[in-house]
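>>> Sequence plus the predicted model coming up.
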Amino acid sequence: MLLVVNAGSSSLKLAVFDAGLAQVAQARAERIGTGGAATHLDALEQGLAEMAITPAQLSGAAHRVVHGGRDLTHTLRVTPAVLDGIRACIPLAPLHNPANLTGIEALARLAPDLPQYASFDTGFHATNPDVATRYALPKEAEDLGLRRYGFHGISYASLVRNLRTQGDLPKRVLGLHLGNGASLCAILNGASVATTMGYSPVSGLTMGTRSGNIDANAVLKLAEVHGLEGAAQIVNRASGLLGLGGVADMRALHEAGTPEARFAIDHFIYWAIRHAGSMIAAMGGVDLLAFTGGIGENDTLVRDRITQGLDWAGAPRAVVVPAEEEKQIAIDALALMAG
């Protein structure tokens, strides 16, 4: 059996898959260190006990790692060099990579001989051309790692796999991962050629609490008024649907029915359609719209309005593809384990 671990700064999600890729158990811990388990190691032990799984029953463990930078672009067995690479990407994902490392290190303490693997959320977009990833900045900025990476890559890899399995993977697919975090991906012949997120998960669409695209000088103004930490708090955690409509959850906005809530929904849909035009241009047209993520899978109103807004592109067919990120991580790790 394979354990899949998704570690956040104060949370831990666990899933166990058998050799046939059936999920046989799952567990989740929240508020680690602030009311829940004291440490990630404690949460891991509690989660395994809850699932009635012992480390001896596992053949390996696979982790979601948010940022792999330029070099970590596909699933790898965790080695000291890979750990160093994940650590080197901490400045690029200061909220995520340290938590991902914590999950790897906690499991290593609990089961030091268990093989561990890492899948990277940025990896799927490594096929983007340089003109798509390079900001028009001096080389010194590029040397600092300031470039477009893209995220939600494990979700998009899962989407492509599912469409291919169903025999429904046309040449040009617009992937729409819509949830609290939201992005689009232009998928040409099964590979990413453009995506809306960039250096960080802030850019692109309107999201639950993130601003989406914003003029760089506007961010500098926020930093001038509120300081760097204050500006970061605003664009990451106080903007998006929350900033416009008062709540970050799309379902709550539908229920609220206030002018602010309706405007927030309209804003989300408008910018999804507008960014879709850019993605469609990057792959020279579109054959299929593939919706995934919490909003993409469950919000018929939002999905229909985006689809209608893209009628100009030849009324492309739209499908819903359930997100299977944990299963995708398991598939990639098991393939690597099989050699």
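Thanks, I have it.
>>> Now do the buried residues in stretch 82-92.
The neighbour-count check on stretch 82-92 (16 or more other C-beta atoms under 10 Å) flags Val82, Leu83, Gly85, Ile86, Ala88, Cys89, Leu92 as buried. (Each C-beta comes from the backbone N, C-alpha and C, glycine too.)
>>> Now do that stretch: distance to the chain's middle.
Computed by C-alpha atoms, centre = their mean, to the nearest Å, the chain-centroid distance of stretch 82-92 equals 17 Å.
>>> Strands of the stretch 101-250 of the chain, start to end?
Listed in chain order, the strands of the stretch 101-250 of the chain (DSSP state E, counting those that start in this stretch) span 116-120, 172-177, 183-188, 191-195.
>>> Out of those, which is closest to Gly212?
With C-beta to C-beta as the criterion, Gly212 lies closest to strand 183-188 of the strands of the stretch 101-250 of the chain, at 9.8 Å.
>>> The closest one pairs with which strands?
With DSSP bridges as the test, strand 183-188 is paired with strand 172-177 (antiparallel), strand 191-195 (antiparallel).
>>> Quick one: name whatever helix or strand follows the lengthiest helix in the chain.
Across the chain, the longest stretch assigned as helix under DSSP state H is helix 259-282. Towards the C-terminus, the helix or strand next in line after helix 259-282, according to DSSP states H and E, is strand 288-292.
>>> picking up where we left off before, nearest to Thr307, of the strands of the stretch 101-250 of the chain?
Nearest of those to Thr307, taken as C-beta to C-beta: strand 172-177 at 9.7 Å.
>>> That closest one relative to helix 259-282, how many degrees between them?
Orientation of strand 172-177 against helix 259-282 (axes from the mean of the first three to the mean of the last three C-alpha atoms, to 10 degrees) gives an angle of 150 degrees.
>>> Determine the angle, from 0 to 180 degrees, between strand 172-177 and strand 288-292.
20 degrees.
>>> any residues touching strand 172-177, and which ones?
For strand 172-177, the surrounding residues in contact (C-beta atoms under 8 Å, 6 or more residues apart in numbering) are 152, 155-156, 159-160, 163, 183-188, 272, 276, 279-280, 283-293, 296, 306, 310, 316, 323.
>>> and what of stretch 237-254?
By C-beta under 8 Å, 6+ apart, stretch 237-254 touches 180, 206-212, 256, 258, 260-265, 267-268, 294-295, 299, 301-302.
>>> how many neighbours does Thr34 have?
8 (other C-beta atoms under 10 Å).
>>> That one reaches Ser11, doesn't it?
No. Look at Thr34 against Ser11 with C-beta atoms under 8 Å: they stay out of range, at 10.8 Å.
>>> who touches both of those two?
Here Thr34 and Ser11 share no contacting residue, scored by C-beta under 8 Å, 6+ apart.
>>> related to what we said a few turns ago, most tightly packed of the strands paired with strand 183-188?
Stretch with highest mean neighbour count among the strands paired with strand 183-188: strand 172-177 (a mean of 27; mean count of other C-beta atoms under 10 Å).
>>> Would you map the helices across the stretch 1-150 of the chain?
40-51, 80-88, 97-110, 130-133, 139-143 (DSSP state H, counting those that start in this stretch).
>>> Nearest to the spatial middle of this structure, which residue is it?
Centroid-nearest residue in the chain, with C-alpha atoms, centre = their mean: His152, separated by 2.8 Å.
>>> okay, now the domains of this protein?
For the chain, automatic domain parsing gives the domain ranges 2-120, 168-325.
>>> Can you give me the end-to-end span of the longest one?
This points to domain 168-325. Length of domain 168-325, first residue to last, C-alpha to C-alpha, to the nearest Å: 19 Å.
>>> surely Asn213 meets Gly204?
Yes. Asn213 is within contact range of Gly204, at 6.2 Å (criterion: C-beta under 8 Å).
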